[in-house]
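Engineer: give me a 3D structure for the following:
(one chain, ligands or ions: 2)
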Amino acid sequence: MKKHSDDEMNRILSGLQTDERVQEMRKFIQHGRVSTYEHCESVARLSYKIDRLLSLHSDLRVLLVGAMLHDFYLYDWHNDDGGAHRLHGFTHAKAACANARAHFAIDDRTGHVISSHMWPLNLKKLPMTREAWIVCVADKCVSAYETLFRR
Ligand SMILES: [Fe+2]
Ligand SMILES: [Fe+2]
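Structural biologist: Ligands and ions are numbered 1, 2, ... in the order given. So this is what the prediction gives:
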């Protein structure tokens, strides 16, 4: 049973991992030495583990596509770019969601996972579904780990 589910995770993720635009995230640093691509992949895998461990029965496609694209904003927030990314923490979830909609025609539930992942920084964007909560929590755990241990 477990094997079957892992196959399903890998199948959903591999559909995205081969995409050129998704691969573009390898060019940008997220935290420390970790690219945005690696970060998103870690968040997707941890989200999956949380779902399985707690038997939350998420919609795996919404969970994994949302997790893999949650930081699909496609720029390096460390670059000043004339102050364009000063509010990165507050604005990137919206940018990632817009890119995901434009490139993958994601549904509203997947869009919600992406747009609410920065709660509580974006106080008004409260996660309203189990998939959104899982990705929000997984992102915090992975980000803390990367910031502390992968510098
Ligand atoms: Fe983010
Ligand atoms: Fe993230």
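Engineer: does any bit of the lengthiest helix in the chain sit next to ligand 2?
Structural biologist: Secondary structure of the chain per DSSP state H: the longest helix is helix 130-149. Yes: judged by Cβ under 5 Å from the ion, helix 130-149 and ligand 2 are in contact via residue 139. Where you see a C-beta, it was placed from the backbone N, CA and C, and this is true even at glycine.
Engineer: where does the protein have low pLDDT?
Structural biologist: In the predicted model of the chain, residues 1-4 satisfy pLDDT under 70.
Engineer: can you give me the strands in it?
Structural biologist: For the chain, applying DSSP state E gives strands covering 29-31, 34-35.
Engineer: in contact with residue 103, which residues?
Structural biologist: Taking Cβ atoms under 8 Å, 6 or more residues apart in numbering as the criterion, residue 103 is in contact with 19, 21, 72.
Engineer: I'd like the strands of the chain laid out as CSV, including mean neighbour count.
Structural biologist: Shown next, in CSV, are the strands of the chain (neighbours: other Cβ atoms under 10 Å):
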stretch, mean neighbour count
strand 29-31, 19
strand 34-35, 18
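Engineer: ligand 2 is nearest to which of these?
Structural biologist: Minimum separation from ligand 2 across the strands of the chain (Cβ to the ion) falls at strand 29-31, 6.8 Å.
Engineer: show me what the closest one is packed against.
Structural biologist: Contact analysis of strand 29-31 by 3 or more Cβ pairs under 8 Å, 6 or more residues apart in numbering; DSSP states H and E lists helix 36-53, helix 130-149 as its packing neighbours.
Engineer: quick check, distance from that strand to the centre of its chain.
Structural biologist: 13 Å (Cα atoms, centre = their mean, to the nearest Å).
Engineer: contacting residues around it?
Structural biologist: With Cβ under 8 Å, 6+ apart as the test, strand 29-31 has contacts from 35, 36, 38, 39, 71, 76, 78, 143, 146, 147, 150.
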